[in-house]
Structure formats: structure tokens, C-alpha cells
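Novice: Provide a 3D model corresponding to the input given below.
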Amino acid sequence: MEYDTWLATLNHEQKLNDSWTAFANIGYSKYDLYKNYNAESSSYLVTNNNGDFKAKSWSKTFPVESYFGQLGIKGEFATGDVKHNVSLAVDKAWYNSGGAPSVSFNQSVFGNLYDKTNIVGEELPASNLGGYTARNEYWGISLADSMKYGKAELLLGVHKHNVKVDSYKWDTGAHTGSTQKSDSTSPTFALSYSPDDKVTVYANHAESFDKGARVPGSANGNILENHDEMLSPTKTKQNEIGVKYQNKGILTTLSLFNLKQAANMDVQKDGKWYRVQDGENEFKGIELTVNGKIADKWNAMGGITYLNGKVNRSASVASGTKINGTPKWNGVMSLEYQADDDFSVLGRALYFGDCTIQNERLEVPSYLTFDLGVKYKTKVSHTPVTLSAMCYNLTGKDYWITSGNTTILSNPRTFMLSAEFDL
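Specialist: Below you'll find the predicted structure:
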């Protein structure tokens, strides 16, 4: 694998007076994966109990280039007893991606899972680089006003979003299909009220807009017949209500939320697979988190979430079908011992509940893993340095991680050492 990455940003604020500030944000990034050989669909076939395997090779390149620019103004003022914090911004972004189609080769790779040096295979030919196959343009305008009155705060915001999408042939650069244009207005509001210094109740609503997904060539080992088709733009809507309680350095938050978004799924028709937009994904849940200082030198953080994810109004699956890869229960708990200002020890437990994939045809069991780490602050030639050592999956547990509609094998016990220099 060989690739280049470039990144540049420029952020500037200009104070106009004591109340108003103008700002500008500009960014550019380029990622070019121009040499990439691996097993086709990352699939290795184990042929016997001794761990011998074989795999067919393929190559896939992936160039990405993006630009971003934003201009705006923000300021503070008051209307009577109401204090306002207002911002107005316009933005535009370009995102180009593509590359040649995946190319499979007859050469095969052979090896053994227990002998990392015994991997053989013929030299692969040069990759097809290819140009950009999709060019996206985004532009919009946003306005937000955060108002404070006594013990209450109200945020009102709106964003007007426009998108233009064009597709091109990877080899000739010729324009294919018609230009896809879409736009949407997405409101946001949030309200909070603090009757005293310990309790805050809040409610919020947010909407986000997506330009529409481009259908890939394959997914989950299946060739998608309608690849390169653009699915319809979608909007995600989220509502949340909750309460926060802070006392003696400990913050406890209890929230209920509901999220709805269009469902994109792979369906089979006449023995062939297609990706279609069908129905709606709905997530309903409740979350409890606690974090803070529980004793001298001891800090704790934990949370547990109940999530009910189901598909509604679908012609492809039964209404109420569980959303792929979504567990009903998951949680985290960590405990840190701060011996002094320079040395600390962290222990963490992660739980991921059982779930289903392939529209409830396959079950993925739950798993519980543990992490352990230490952190030490010192100086090297008068330069402050933070040294960290971390062990992930402390017990070396084997488990399956859901990734959309499929699974991948867990990472083994992993050690990581790092040093952070404060120059």
C-alpha cells in the first residue's frame, strides 16, 4: 500500500468592535491511495486445521480531494433583559472522489496463519489509477441565535443547504448521467432551564441533510447491479429531552432520544442484488451517564444505553425488523487512580450487547472487554513529555464486531506506547 496525504487550513478572526467579530475558515485536503494490493474483499480461505490459507488478489485505488471556504460574522447584543449571541455564515465546499474499478488478478497468495514469513505470491501488475468519478458541490447559509434570559437559555438556528452531484467515467473523464441537484432547510432548536445550581432540564431538536448515497460496486460479497446510481437525498431528524444533576463534583445525565432517517438497504430481485432506499430507520433509546471525582485521587466515568432500532414502512422487510448491527444494550465504565499530578492508572470495561445482521437472519453475540493503561508526566531536556502505555483487550478475548450488515473479527490483545511532547 502506498498513498500521499496533504492537508492545509487557515482560520482567521477579525474583531470589528467590542461586540462584533468577522471570521473566515479555509481548508484543503488531498488523499491519494495509488497503490493498494490485498485479498479480494479482504477474504482469506482457510483450507485445513493447520491454518493454511489462500486468497485471490485485487487492486483498488482511491483518490480524494476536497476544498472548503466559509465567511461569517458573530456578535452579542441585548433586547431588554434577553442577551443574544448571534452568528451568520455562508459556506461552500467541493468534494471529489473516484479511482479505477477494483481489478482482480489470477495470481493467488498462499500462506499459513501461524507462520507469518511463509506468504508467497506472484508480483502484481501496476494499478489502474483512474480519475475522479464523482464531483460534489455544497453551499449554504446558516443563522443561529443563542438567547439567555434569567435561568433559561434558548437556541434557534436554521441552515439552508444545496448540493450538486456529477458523475464521470474513471478512464476518460466523460460526464455520465444527469446532474443531480437537491436542497433542504434544516432547523435546530434547544431549550434549557436551570432552577438551581445543581439541576438543568433540557430539550432539543436537530435536523441534518444528506445529498444522497452513491451505490458502490459491491457490498457484503454481493455484486450490486445498480452500482453508481445516486439514491435520493435524505434528512435525519433527532429529538432529545433530558435532565442533568451535578453535586459534589459528580455529573449525572439522563436522556431520552428519538432519531429517524431514511433506510438504505440491499435487496435481492430475480437472483440479483440491488441497493435501494426503502422505509425508515428509527432509533429510540434512553441513556444514563455518570462522571466525576468520587473520592480523593479517584475519578470515574460510566454510561449505559438502551437502544431500540427498527425499520418502519418498508416493502422489503417486515415492519419492526431490527436494524442491522444495533444492540439493545451497551455500556462503558472506567476508573482512574490519580496518584499525583504526574502519575495515573486507568482501567476500563466495555460492553456491547448481542444484535442481528442480514435482517435478523444471523445473530452476533455480545462481548465484554477490558483495557488497562498508565500515564506518566516528566521532562526531557526541559521539554514536558507525557508517556503513556495502554493495553487494549487485556484478556485477549475473541469476538465479532458488527460493521453495518456484516461482521469483522476483533482485534487481539494490543499494546500501545506513546509520547506526547509539549513544545
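Novice: OK, contacts around the residue nearest to Leu10 when sequence neighbours are not counted?
Specialist: When the adjacent residues along the chain are set aside, Leu10 lies closest to Ile26, with 4.5 Å between them (C-beta to C-beta, 6 or more residues apart in numbering). (Glycine included, C-beta is placed from N, CA and C.) Contacts for Ile26 were tallied using C-beta atoms under 8 Å, 6 or more residues apart in numbering; they are Thr9, Leu10, Asn11, Phe68, Gly69, Gln70.
Novice: what's the distance between Ile26 and Ser186?
Specialist: 24 Å (C-beta to C-beta, to the nearest Å).
Novice: now Asp115
Specialist: Where Ser186 is concerned, Asp115 sits at a distance of 55 Å (C-beta to C-beta).
Novice: So which of those two has more stuff around it?
Specialist: Using other C-beta atoms under 10 Å as the criterion, Asp115 and Ser186 rank with Ser186 on top: 18 against 11.
Novice: Now do the same for the more buried one: helix, strand or coil?
Specialist: Here Ser186 is recorded as strand under DSSP: H, G, I helix; E, B strand; the rest coil.
Novice: give me the beta-bridge partners of it?
Specialist: When bridges are taken as DSSP bridges, the partners of Ser186 come out as His159.
Novice: Could you point out which residue ranges in the stretch 301-423 of the chain have low pLDDT?
Specialist: When residues are selected by pLDDT under 70, none of them lie in the stretch 301-423 of the chain.
Novice: ok, which stretches of it are strands?
Specialist: According to DSSP state E, counting those that start in this stretch, the stretch 301-423 of the chain carries its strands in the segments 329-338, 343-352, 355-357, 362-364, 367-380, 383-392, 400-403, 406-409, 414-421.
Novice: same thing with the stretch 51-200 of the chain?
Specialist: Using DSSP E, counting those that start in this stretch, strands in the stretch 51-200 of the chain cover 52-59, 62-79, 82-98, 103-112, 115-120, 132-149, 152-168, 175-193, 199-210.
Novice: and the fifth one, what's its mean pLDDT?
Specialist: Mean per-residue pLDDT for strand 115-120: 57.
Novice: residues touching the residue in the chain sticking out farthest from the centre, list them.
Specialist: Relative to the C-alpha centroid of the chain, counting by C-alpha atoms, centre = their mean, Gly80 is the outermost residue, at 42.2 Å. Gly80 is in contact with no residue at all, counting by C-beta under 8 Å, 6+ apart.
Novice: Tell me how far it lies from Leu88.
Specialist: Summarising the geometry, the distance separating Gly80 from Leu88, computed by C-beta to C-beta, is 22 Å.
Novice: next one: Asp171
Specialist: For Asp171, the distance to Leu88 - C-beta to C-beta - is 44 Å.
Novice: again, but for Asp183
Specialist: For Asp183, the distance to Leu88 under the criterion C-beta to C-beta works out to 19 Å.
Novice: How about Lys248?
Specialist: 41 Å.
Novice: Those two: which has the busier surroundings?
Specialist: Leu88 (14 against 8).
Novice: Beta-bridge partners for that one, please?
Specialist: On the basis of DSSP bridges, Leu88 takes part in beta bridges with Ile73, Leu143.
Novice: Wait, it touches Ile73, no?
Specialist: Yes - taking contacts as C-beta atoms under 8 Å, Leu88 lies within contact range of Ile73: 5.6 Å.
Novice: buried subset of the contacts of Ile26?
Specialist: Burial by neighbour count, 16 or more other C-beta atoms under 10 Å: within the contacts of Ile26 this picks out Phe68, Gly69, Gln70.
Novice: Nearest to Gly309 among those?
Specialist: Nearest to Gly309, judged by C-beta to C-beta, of the buried ones among the contacts of Ile26 is Phe68 at 32.2 Å.
Novice: contacting residues around the closest one?
Specialist: Under the criterion of C-beta under 8 Å, 6+ apart, the contact partners of Phe68 comprise Asn25, Ile26, Gly27, Tyr28, Asp91, Lys92, Ala93, Trp94.
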